[in-house]
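In: Coordinates for the following, if possible.
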Amino acid sequence: MNQLQTLRGMADQLPMGINGWQQLEAIGREHMRRACVAEIRTPLLEATELFARGIGAATDVVGKEMYTFIDRGERSCTLRPEGTAGVVRAAIQNGLLSQGPQKLWYSGAMFRYERPQAGRMRQFHQLGLEFLGFNEPRSDVEAIVIAWDLLMDLGLKELKLELNSLGSKEDRLNYRNQLVNWLEQHQNQLDPDSQERLQTNPLRILDSKNPNTQELLKTAPDLLAALCPESLERFEQVQQGLTALQIPYQLNPRLVRGLDYYGHTAFEITSSALGAQATVCGGGRYNGLVEQLGGAPTACIGWAMGLERLVLLMQNQSSTTAAAPDLYVISQGEKAEAIAINAARELRQKGHRVELDHSGAGFAKQMKRALKSAAPLALLIGEAEASSGQLQLKNLQTNSSELVELHQLLSFFSPTR
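Out: Next up, the predicted model:
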């Protein structure tokens with residue numbers, strides 16, 4: 001019988017590598033708590049129409065990458081490919097927006113049928129933030145600040161914030177006409193994907209990864225030049241806010257969000273620590289999405305981070321450390337093992353990390369495992385210790401030992417010791 005394997009693009013997170021995930025999740029949660037951003041959890045499975053309307057039927061995500069199927073109720077269902085649409089749907093459905101502006105965050109698995117690569121699998125995980133009902137430029141600044149400070153707190157290096165403005169709906173329509181006219185004159189020089197996007201979503205051509213297309217676009221019309229005075233003033237306020245907070249950024253006029261509901265601020269935070277420059281956070285203002293999904297017109301801004309890529313960066317930069325036990329408990333013999341599990345339980349109830357060896361091996365083999373665990377202390381309980389009630393506490397760093405009574409054990413882990 002063949003051994004079963006994970007599906008391509010799906011990955012197990014094994015115990016030896018899970019510490020980076022836990023650190024990342026804990027730091028992310030703490031930053032959201034400090035910023036008074038409330039957590040929201042939405043289903044992995046949604047109606048396909050949510051993403052067709054929310055992301056756009058003409059996008060690669062909807063057209064080529066979604067995991068979609070018909071369920072037993074003859075409904076078209078999709079594993080979520082991103083988090084924003086589900087959060088907005090939940091806010092509309094549950095009346096959150098009638099309670100005032102909402103600052104929300106989410107974390108969880110997403111699914112896209114893409115070519116697997118380092119830091120991006122077909123099942124991947126995102127941490128995202130959504131500000132619903134906020135229109136002032138300073139809300140753009142706050143959203144970016146939360147992302148920037150979180151990434152800095154993770155110990156990531158070589159970060160770069162790229163910033164652009166997509167302007168108002170009228171600005172984008174004006175620019176779109178200019179861009180399409182220019183692209184049609186150079187259509188035969190575009191890569192195949194860009195030629196297809198010319199008919200469906202021409203702004204996305206600006207985000208092409210094809211080097212020849214990027215070289216060609218250097219002479220394309222400038223998006224910022226198409227912005228009206230009001231849009232330029234708004235963008236200037238965002239830049240001033242970031243400058244005041246000493247967050248470095250650079251303008252990138254090719255940075256776009258090619259969906260109709262995006263406008264004004266668009267940004268990405270990248271890192272070159274993985275070699276080629278890679279996006280670790282992307283976001284923007286999407287004032288049209290709530291209305292597009294059936295709600296009232298609502299100003300929104302949000303971002304998402306890919307957790308696999310962040311964990312990889314943290315590992316490469318040695319910003320994750322394995323959590324060692326406070327104590328490794330070694331025992332041999334029935335009576336000793338009963339004392340060992342009781343001692344481990346009492347210490348765990350007091351908040352200490354205790355590793356209990358269940359191998360039944362000799363003391364020498366158990367001691368090797370204790371040293372490998374990096375615990376500073378080991379508790380040794382054999383027949384003699386079980387009979388006398390005096391347990392051997394061994395300092396694995398100095399190799400010194402002392403006898404302690406079971407009832408005195410907790411005092412060796414008090415903050416004053």
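
In: who touches the closest residue to Ala266 other than its chain neighbours in this structure?
Out: Excluding the flanking residues, the one nearest Ala266 by C-beta to C-beta, 6 or more residues apart in numbering is Gly284, at 3.9 Å. The C-beta positions use only the backbone N, C-alpha and C, and glycine is treated the same way. By C-beta atoms under 8 Å, 6 or more residues apart in numbering, the contact list for Gly284 reads Leu166, Arg257, Tyr262, His264, Thr265, Ala266, Phe267, Ile301, Gly302, Trp303.

In: buried ones in stretch 150-162?
Out: Within stretch 150-162, the residues that count as buried by 16 or more other C-beta atoms under 10 Å are Leu150, Leu151, Leu154, Leu156, Leu159, Leu161, Glu162.

In: and the residue nearest to Ala266, helix, strand or coil?
Out: Under DSSP: H, G, I helix; E, B strand; the rest coil, the three-state class of Gly284 is strand.

In: What residues are recorded as beta-bridge partners of it?
Out: Judged by DSSP bridges, the bridge partners of Gly284 are Ala266, Gly302.

In: where does the stretch 151-300 of the chain dip in pLDDT?
Out: 258-260, 274-277 (pLDDT under 70).

In: What segments of it are strands?
Out: Per DSSP state E, counting those that start in this stretch, the stretch 151-300 of the chain carries strands over the ranges 159-165, 250-251, 265-271, 278-285, 300-306.

In: give the contact list for Ala91.
Out: Contacts of Ala91 by C-beta under 8 Å, 6+ apart are Leu97, Gln102, Leu104, Leu132, Val290, Gly295.

In: my guess is the first one meets Glu130, correct?
Out: Translated: Leu97. No: assessed by C-beta atoms under 8 Å, Leu97 is found out of contact with Glu130, at 11.5 Å.

In: out of these two, which sits in the more crowded spot?
Out: Glu130 (26 against 18; other C-beta atoms under 10 Å).

In: Wasn't Asn135 part of a helix?
Out: No: with three-state DSSP as the criterion, Asn135 is located in coil rather than a helix.

In: That one and Thr265 touch, don't they?
Out: No: at 11.2 Å, Asn135 does not count as touching Thr265 under the criterion of C-beta under 8 Å.

In: Settle it for me: which of the two has more neighbours?
Out: Legend: neighbour count by other C-beta under 10 Å for Asn135 and Thr265, higher for Thr265 (24 against 16).

In: which residues touch that one?
Out: Counting by C-beta under 8 Å, 6+ apart, the residues that Thr265 touches are Pro137, Asp140, Leu163, Asn164, Ser165, Leu166, Phe235, Val238, Gly284, Arg285, Ile301.

In: before we move on, what about Lys218?
Out: Lys218 touches nothing, counting by C-beta under 8 Å, 6+ apart.

In: where exactly do the strands run in the stretch 1-150 of the chain?
Out: 38-39, 45-47, 67-70, 76-79, 102-111, 123-132.

In: Arrange those in TSV, one row each, with mean pLDDT as further columns.
Out: Formatted as TSV, the strands of the stretch 1-150 of the chain follow (pLDDT from 0 to 100):
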stretch	mean pLDDT
strand 38-39	98
strand 45-47	98
strand 67-70	96
strand 76-79	97
strand 102-111	98
strand 123-132	97
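
In: Right, I'll call it a day here.
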